[in-house]
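In: take this sequence and fold it.
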Amino acid sequence: MTILVTGATGTVGRHVTELLVQRGASVRALTRDPERAREILPQGVQIAKGDLMKPESLREALEGTEAMFLIISSDEPQADLNTDPQAVALAEAAGVKRVVVLVGYEEGPVEAALRASGMRWTLVKPAEFMANALADWRDSIRENGIVREFNGDAPSARVHEGDIAAVAAEALLGDGHHGRSYPLTGPEALTRKEAVAAISAAIGKDIRFVELTEEEARQQWRDQGYDEDGVEFFVQMGMHPPEAGYTVLSTVEEVLGRPPRTFADWAIEHKREFL
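Out: Purely as a prediction, here's the structure:
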């Protein structure tokens, strides 16, 4: 079975690709940048150039595939990714039988198209990625030993990106996952301050937590390239985190038969990146 992995060089897609290869699947990686994909993906992975926002570019990549891991969008500034729902129709027309979708904060037209299709589907809905700590904090920790954040007491049941990928791989290769929606969390809810303390313990270096005021936080997000709607969303999430974001669930263990990895585990795995 050939499986098309979209976002194959991304935070979760790279893990999905590696896990599928380890389990003997034939993997085709969809990417906007084939040269970069060849540098970082395992040998034997087929590389296909395509853009999820331009459905017609997917036809060749979809040819001969039976399953697909599909990403919807990215919350990175300037990432310019918003998957066109026509990708679902093209996948079904190409003969794809099974689709696993990495869902964002809420469902949209792509998920609706998938539910209305004749394909077997699974939705994977993670809480905050543990890997966000790299994007948000790595540079300030490495350069100054400081993390500057808004509302450091806000809790989050962060989930390891490798566990997200493992659930996705199981849904792509295993049975009994059709029509399921899997909300995923880590094994505990940690505040931002507690997460920073875990990184500090992992790297053996003191990290000072600096609490930002709301206006300081707004300006920081503007400086990072987010528009005003994005900034307002982050403020509201920081002040009033949704219960779903910090309620610990057992889904990872139910699907994989093992407990999810802790943030302390993740911090040890990535400690060199903070030093």
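In: list the buried ones in the strand or helix carrying residue 215?
Out: Assigning secondary structure by DSSP states H and E places residue 215 in helix 214-223. Of the residues in helix 214-223, 217, 218, 220, 221 count as buried by neighbour count, 16 or more other CB atoms under 10 Å. C-beta coordinates here come from the backbone N, C-alpha and C atoms, glycine included.
In: now the helices for the stretch 1-150 of the chain?
Out: Ranges of helices within the stretch 1-150 of the chain are 13-22, 34-40, 59-62, 86-94, 109-115, 132-144, based on DSSP state H, counting those that start in this stretch.
In: and these as CSV, adding distance to residue 210?
Out: Listed next are those as CSV, based on distance: least, CB to CB, whole Å:
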stretch, distance to residue 210
helix 13-22, 32
helix 34-40, 34
helix 59-62, 45
helix 86-94, 42
helix 109-115, 38
helix 132-144, 9
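In: could you list the low-pLDDT ranges of this protein?
Out: 73-82 (pLDDT under 70).
In: between the two ends of stretch 87-105, how far is it?
Out: 20 Å (CA to CA, to the nearest Å).
In: 22 is where my numbering starts, stick with that
Out: Yep, numbering from 22; the last one is stretch 108-126 now.
In: ok now it, how far from the chain's centre?
Out: Stretch 108-126 sits 17 Å away from the centroid of its parent chain (CA atoms, centre = their mean, to the nearest Å).
In: go through it and flag the buried ones.
Out: For stretch 108-126, by 16+ other CB under 10 Å, it's 108-109, 111-113, 115, 117, 119-125.
In: check stretch 227-234 too.
Out: 228, 230, 233.
In: residue 67: which of these is nearest?
Out: Closest to residue 67 out of these is residue 228 (41.9 Å), distances taken as CB to CB.
In: just to revisit the earlier point, distance to residue 258 for the buried residues of stretch 108-126 - can I get that in a markdown table?
Out: Formatted as a markdown table, the buried residues of stretch 108-126 follow (distance: CB to CB, whole Å):
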| residue | distance to residue 258 |
| --- | --- |
| 108 | 28 |
| 109 | 28 |
| 111 | 34 |
| 112 | 32 |
| 113 | 35 |
| 115 | 37 |
| 117 | 34 |
| 119 | 33 |
| 120 | 28 |
| 121 | 26 |
| 122 | 22 |
| 123 | 19 |
| 124 | 17 |
| 125 | 13 |
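In: so which of the buried residues of stretch 227-234 are in strands?
Out: Judged by DSSP state E, the subset of these located in strands is 230, 233.
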